[in-house]
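Asker: generate coordinates for the sequence data below:
(2 chains)
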2 protein chains.
Amino acid sequence: MRATEAVPETIADPDDPRLDAYTRMRERDFVGRAGRFIAEGEVTLRLLLGQRSRFRAESVLLAPERWPGLADAIAACPDPPPVYCAAKAVMSAVTGFPIHRGVLAVGVRGAELDAAALVPPPPAPALVLGLSGLTNHDNVGSAFRNAAAFGADAVLLDAGSCDPLYRKSIRVSAGAALIQPFARLPAGQDWLEVADALGLQALALSPGAAETLEDGAVPARALLILGTEGPGLDAATLARARPVRIPMAAGFDSLNVATAAGIALHAIARVQGRLDRA
Amino acid sequence: MRATEAVPETIADPDDPRLDAYTRMRERDFVGRAGRFIAEGEVTLRLLLGQRSRFRAESVLLAPERWPGLADAIAACPDPPPVYCAAKAVMSAVTGFPIHRGVLAVGVRGAELDAAALVPPPPAPALVLGLSGLTNHDNVGSAFRNAAAFGADAVLLDAGSCDPLYRKSIRVSAGAALIQPFARLPAGQDWLEVADALGLQALALSPGAAETLEDGAVPARALLILGTEGPGLDAATLARARPVRIPMAAGFDSLNVATAAGIALHAIARVQGRLDRA
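Answerer: Residues are numbered from 1 along each chain as shown, chains lettered A, B, ... in the order given. Now for the predicted structure:
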């Protein structure tokens, strides 16, 4: 039990090189972190350190008063990272903005996954969420949270969708981005080609679809594709996929894209028997 | 047709008193606006000026290039407000932060509505969303968007929930806060007393409930109550209401409160026959 020996190292100097990965946090949100990402808050840190995490934690930075409440999560981590403790004022000086919760970690992205490896082969049931052109980090984070809540096998993102490991995406996902398997669309393949290759039926969620999600049979192997609010999915995808919509009340047919994903995933997961005691 | 005569008045001076209600916008988000609110963006402005709006627009402030695209909405307004045009730089100087879309309006709150007046009397079907202790403006705005999308009769908010007419709540609601009837819980009544008074069955959405939303019969007259993420609803409400939960996948039972509201409202509205072509 090497883990039980973990003792945090206290750091008082904001220029300490052990904290380099935490510096200029907002600027690096935009320019990237060379294969690393930032996780914030206790819920997210526990997922990063836990059994289901897809990623290795490189280090943890805590306000000293957070250590007693998190020592158990560090001790239980199969590969415990170094833990640094610094006062919130030092944390704020390092990151460049006020740190309130006092819980940060750096994770290592590792190699991208291959879509085909994430989806169980036929004839097993499958549920994959496809995000097309989602450039809003809140929406991507919320979509991941819903994918995890309803047990999707994978999330696929096209090149136009933003990074699920962006700092805000992870936070809004409530840490789901760290445990929910995801992959980028394979280069040179569009949504329908991926669906064919993986043996999935492509459902295109679109407010203009004639068929509602409840009208027809839910496929045992589904790729549920969502586009951004406003423009929605491109005509080529809509023409080749099976368009479905969520029925709404007359006069205000407007849903947030992540909420729409949640409702559709819930409906499909329920029929596929993915939900506890459902 | 007085409306067709509407011509915007151009303003170049950020200190022009006609723009007083638009000044110090972020500061006033916190201290309040003496019976007024701010609507931002074209979608929201069109709802504010439209037939279904619950509120009167006191004035509209547009970047000049936005006038041609919005003149129709002003002309169609039954009680058209004065329209001021100012360059985005002037708008930014007035409000105190960078204005990108160039569409703002001031609305008048008017008198608060009475909960009893919003809910159709028995035996008509009824669907009311109750928000308990929701202090996050995004969540309140998202919940309103979902209430409008699924045709809820009303939203009720307790004293601990924040203002649906806060600037960010309106924006996140996609303008639903301007058309969706809402009221505060009557003073001295708790959720169960209100449900009794209005002839509604109180459903308390709670991850710990034994019954799922799909297990039992959906009531013809429902008050769906949601608490904030984390603490959830208080024990007294849970003990006296009918607790229900949304089934989720094992291992990540975490949904955003507004998303949970959307899924539950969709399920109830569908059974109650509120949805188009459902």
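Asker: tell me the secondary structure for the closest residue to chain B within the stretch 1-150 of chain A?
Answerer: Here the stretch 1-150 of chain A gets closest to chain B at one residue, residue A:148, 4.2 Å apart by CB to the nearest CB. Where you see a C-beta, it was placed from the backbone N, CA and C, and this is true even at glycine. Here residue A:148 is recorded as helix under DSSP: H, G, I helix; E, B strand; the rest coil.
Asker: poorly predicted segments of the stretch 151-278 of chain A, please.
Answerer: A:277-278 (pLDDT under 70).
Asker: same thing but at 90, please
Answerer: Across the stretch 151-278 of chain A, the ranges flagged by pLDDT under 90 are A:186-188, A:208, A:213-217, A:229-232, A:250-254, A:276-278.
Asker: please enumerate the helices of it.
Answerer: Counting by DSSP state H, counting those that start in this stretch, residue ranges of the helices within the stretch 151-278 of chain A are A:167-172, A:191-198, A:235-240, A:257-271.
Asker: got those helices as CSV, with mean neighbour count and distance to residue B:210 columns?
Answerer: Below are these laid out as CSV (neighbours: other CB atoms under 10 Å in any protein chain shown; distance: least, CB to CB, whole Å):
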stretch, mean neighbour count, distance to residue B:210
helix A:167-172, 22, 30
helix A:191-198, 19, 37
helix A:235-240, 14, 41
helix A:257-271, 24, 17
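Asker: quick one: end-to-end length of stretch A:38-56, please.
Answerer: Stretch A:38-56 has an end-to-end distance of 12 Å (criterion: CA to CA, to the nearest Å).
Asker: just the helices in the stretch 1-150 of chain A please.
Answerer: Using DSSP H, counting those that start in this stretch, the helices found in the stretch 1-150 of chain A span residues A:25-31, A:42-49, A:67-76, A:88-95, A:115-118, A:137-149.
Asker: now the ones you listed as TSV including distance to residue B:23, mean pLDDT and mean neighbour count?
Answerer: Compiled in TSV, these are given as follows (distance: least, CB to CB, whole Å; pLDDT from 0 to 100; neighbours: other CB atoms under 10 Å in any protein chain shown):
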stretch	distance to residue B:23	mean pLDDT	mean neighbour count
helix A:25-31	28	88	12
helix A:42-49	39	96	22
helix A:67-76	44	95	15
helix A:88-95	31	96	19
helix A:115-118	52	94	16
helix A:137-149	29	97	27
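Asker: picking up where we left off before, does the residue of the stretch 1-150 of chain A closest to chain B touch residue A:181 like I think?
Answerer: No: counting by CB atoms under 8 Å, residue A:148 stays clear of residue A:181, with 9.8 Å between them.
Asker: quick one: closest of the helices of the stretch 151-278 of chain A to chain B.
Answerer: Per CB to the nearest CB, nearest to chain B of the helices of the stretch 151-278 of chain A: helix A:257-271, 4.6 Å.
Asker: and that closest one, does that touch chain B?
Answerer: Yes: for helix A:257-271, a contact with chain B is found by CB under 8 Å from any CB of the partner chain, at A:258, A:259, A:262, A:263, A:266, A:269, A:270.
Asker: for the most centrally placed residue in chain A, give its distance to residue A:13.
Answerer: Among the residues of chain A, residue A:177 comes closest to the average C-alpha position under CA atoms, centre = their mean, at 2.3 Å. According to CB to CB, to the nearest Å, residue A:177 and residue A:13 sit 32 Å apart.
Asker: what do you get for residue A:66?
Answerer: 20 Å.
Asker: neighbour count: these two, which is higher?
Answerer: Looking at residue A:66 and residue A:13 with other CB atoms under 10 Å in any protein chain shown, you find the greater number of neighbours at residue A:66, namely 20 against 12.
Asker: and for that one, nearest residue in space, chain neighbours not counted?
Answerer: Distance criterion CB to CB, 6 or more residues apart in numbering or on different chains; nearest residue to residue A:66, sequence neighbours excluded, is residue A:102 at 4.9 Å.
Asker: list the contacts for that neighbour?
Answerer: By CB atoms under 8 Å, 6 or more residues apart in numbering or on different chains, the residues touching residue A:102 are A:62, A:63, A:65, A:66, A:88, A:91.
Asker: ok, 10 Å please
Answerer: A:40-42, A:61-67, A:70, A:85-88, A:91-92 (CB atoms under 10 Å, 6 or more residues apart in numbering or on different chains).
Asker: next one: residue A:77
Answerer: Each residue near residue A:77 by CB under 10 Å, 6+ apart is listed here: A:3, A:6, A:46, A:48, A:49, A:50, A:51, A:53, A:56, A:57, A:60.
Asker: just the residues you listed that are near chain B?
Answerer: Checking those against chain B by CB under 10 Å from any CB of the partner chain, the ones in range are residue A:51.
Asker: going by distance to residue A:215, which of the contacts of residue A:77 wins?
Answerer: residue A:53 (39.0 Å; CB to CB).
Asker: the closest one: neighbouring residues, count only.
Answerer: Per other CB under 10 Å, the neighbour tally for residue A:53 reads 19.
Asker: pLDDT score for it?
Answerer: pLDDT, residue A:53: 95.
Asker: any idea how far the spatially closest residue to it that is not a sequence neighbour is from chain B?
Answerer: Among residues not flanking residue A:53 along the chain, residue A:178 sits closest, at 5.4 Å (CB to CB, 6+ apart). Distance from residue A:178 to chain B, counting by CB to the nearest CB, to the nearest Å: 11 Å.
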